[in-house]
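Enquirer: make a model of this:
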Amino acid sequence: MGNRQYQQLEIDDRMIIQACLHDHQSLLEISRRIGVSKSTIFRELKRNSKIKKGHPIPCHTLQTYIVCNVCNKRAFCTRQKLYYDFNHAQSLTHNRLHINRSFVKLAANELAYVDKVVTAGVKLGQSLHHIYVSDAHLKQICCERTIRRLVYRGNLSIRPHELRRYVRYKREYQTTPETLHLRDIRALIGRTHKDYLRYVNEHKRLNIVQYDSLIGQAHDEQALLTITFTKYSFQFGILVKKGVSTSTNQVLSSLFHRLGSDLVKHVFPVNLCDNGIEFASFHKLEADEHGELIIKTFYTNPYKATDKAPAERNHELVRYCLPKHHSLDGLTQDVVDDMFSHINSYVRASKGDKTPYDLVKARFGKPFLDLINIVRIPNKKVKLVNIV
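Expert: Next up is the predicted model:
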């Protein structure tokens, strides 16, 4: 506890706080879980909770937990209530930091001088770097990056598009955040991306499996669940109902049942998926029908496809055969198996001119590949062309 001093809480930390609250854990237990002090959790709940108006009557729950997330009487309580929501807390923190950093720290006369010099230079077709280097007094006022920031924020007379090389510089655009599709946020306890990295670091020889879903058109009824062995660039897929987590769990449970518990423990020890709606119940796959834990499941950080980069990278080959915006409703599982057989028979320079099929066959054996209906295609007959 306390090993993360002077660090801002991130969105996954706030997700864990909310999950622990729903699990009725104390502030001390939450602080130990995240690795911060108890006072940090206390301030987080005080500063970033939603307020629902009501009668200002003292409440025993608020005195114990600060927020009403854990109270069983909150549905019909008429008191003023506080609710902690990780999305709301993250938004408040972002806005607070943005406001504190957005105001101009230059004096009025200094800002006027910068505006005069920069505007005159840009009107003559000069770059900001040229303007900055050519004026000694400008160097004493601020740095070149500050000038560019003032232009982008609209604090000067010129507009960003008037800069010669405006299109070459990266800029942040306002985006609409996606929704976390987990029905029970308590599933994140022990299954965040940080937990995944920690577990993989402690078990370096285990096979890592990443899951994702590919869609065709918006009105399609089915999607393609892809399963990737990161170490071997091996990938196979199963058709599922689009946007239905029970369908994903059903096909994966059927796959695990067909393989058997011993083989599943060997082939699928570590599993990573994103927060999409298809994986809302993914954590329920950890135990078999007898309740025995056979695999470990984890979730990526919200809205970060780079956390499962090997799966995303392998989708490039899949898109050779299934281009974007083409419907997947006409696909059959036999066609999907044949497509992945060709993809896994494709020679990879990064694997020493070997194919993913050969690498997986050497590690897990041909019976496993036969069970998932992946076969070896001769090198000269491999084709990666549009099949829809």
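
Enquirer: show me the contacts for the nearest residue to Gln8 once chain neighbours are set aside.
Expert: Spatially, and ignoring its direct neighbours in sequence, Gln8 is nearest to Thr93 (7.5 Å; Cβ to Cβ, 6 or more residues apart in numbering). From N, CA and C alone the C-beta is placed, and that goes for glycine too. Residues near Thr93 by Cβ atoms under 8 Å, 6 or more residues apart in numbering: Gln8, Leu9, Asn48.

Enquirer: so what's the backbone phi/psi at Thr93?
Expert: phi -60, psi -40 (degrees, to the nearest 10).

Enquirer: now do Lys296
Expert: Torsion angles at Lys296 (phi, psi; degrees, to the nearest 10) stand at phi -110, psi 130.

Enquirer: same deal with Thr226?
Expert: phi -110, psi 140.

Enquirer: where does the stretch 101-250 of the chain have low pLDDT?
Expert: Residues of the stretch 101-250 of the chain meeting the criterion pLDDT under 70: 101-103, 167-183.

Enquirer: for Cys273, give me phi and psi.
Expert: phi -140, psi 170.

Enquirer: and it, how far from Asn314?
Expert: The gap separating Cys273 from Asn314 is 15 Å, by Cβ to Cβ, to the nearest Å.

Enquirer: quick one, which of those two is more surrounded?
Expert: Each of Cys273 and Asn314 has its neighbours counted (other Cβ atoms under 10 Å); Cys273 has more, 26 against 21.

Enquirer: what residues are bridge-paired with the more buried one?
Expert: Tyr299 (DSSP bridges).

Enquirer: next up, the contacts around it.
Expert: Gln210, Tyr211, Asp212, Phe279, Phe282, Thr297, Phe298, Tyr299, Thr300, Lys308.

Enquirer: and for Ile30?
Expert: Counted by Cβ under 8 Å, 6+ apart, Ile30 has contacts Ile16, Ile17, Cys20, Leu21, Ile41.

Enquirer: so which of the residues you listed comes closest to Ser327?
Expert: Proximity of those to Ser327 (Cβ to Cβ) peaks at Ile16, which lies at 39.2 Å.

Enquirer: please enumerate the helices of the stretch 251-388 of the chain.
Expert: Per DSSP state H, counting those that start in this stretch, the stretch 251-388 of the chain carries helices over the ranges 261-267, 309-321, 333-343, 356-364, 366-371.

Enquirer: give the rounded mean pLDDT of the third one.
Expert: Pointing back at helix 333-343 there. Across helix 333-343, pLDDT averages out at 95.

Enquirer: now the last one
Expert: The average pLDDT within helix 366-371 is 94.

Enquirer: nearest spatial neighbour of the residue positioned nearest the centre of the chain, skipping sequence neighbours?
Expert: In the chain, the residue lying closest to the centroid (Cα atoms, centre = their mean) is Lys304, at 2.9 Å. Distances taken as Cβ to Cβ, 6+ apart place His193 nearest to Lys304, at 7.8 Å, with adjacent residues excluded.

Enquirer: so what does that neighbour have for phi and psi?
Expert: Backbone torsions for His193, taken as degrees, to the nearest 10, come to phi -70, psi -30.

Enquirer: which residues are in contact with it?
Expert: Residues near His193 by Cβ under 8 Å, 6+ apart: Asp12, Leu272, Phe298, Tyr299, Thr300, Asn301, Lys304, Asp307.

Enquirer: same thing with Cys77?
Expert: Applying Cβ under 8 Å, 6+ apart, the residues near Cys77 are Gly54, Cys59, Cys68, Cys71.

Enquirer: closest one of the residues you listed to Leu328?
Expert: Distances from Leu328 to the contacts of Cys77, taken by Cβ to Cβ, are shortest for Cys68, at 44.0 Å.

Enquirer: tell me the pLDDT of that closest one.
Expert: 84.

Enquirer: will you turn the contacts of Cys273 into JSON lines that also has neighbour count and distance to Ser350?
Expert: Formatted as JSON lines, the contacts of Cys273 follow (neighbours: other Cβ atoms under 10 Å; distance: Cβ to Cβ, whole Å):
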{"residue": "Gln210", "neighbour count": "24", "distance to Ser350": "17"}
{"residue": "Tyr211", "neighbour count": "21", "distance to Ser350": "22"}
{"residue": "Asp212", "neighbour count": "26", "distance to Ser350": "20"}
{"residue": "Phe279", "neighbour count": "27", "distance to Ser350": "28"}
{"residue": "Phe282", "neighbour count": "25", "distance to Ser350": "28"}
{"residue": "Thr297", "neighbour count": "21", "distance to Ser350": "27"}
{"residue": "Phe298", "neighbour count": "25", "distance to Ser350": "25"}
{"residue": "Tyr299", "neighbour count": "25", "distance to Ser350": "27"}
{"residue": "Thr300", "neighbour count": "22", "distance to Ser350": "23"}
{"residue": "Lys308", "neighbour count": "21", "distance to Ser350": "17"}
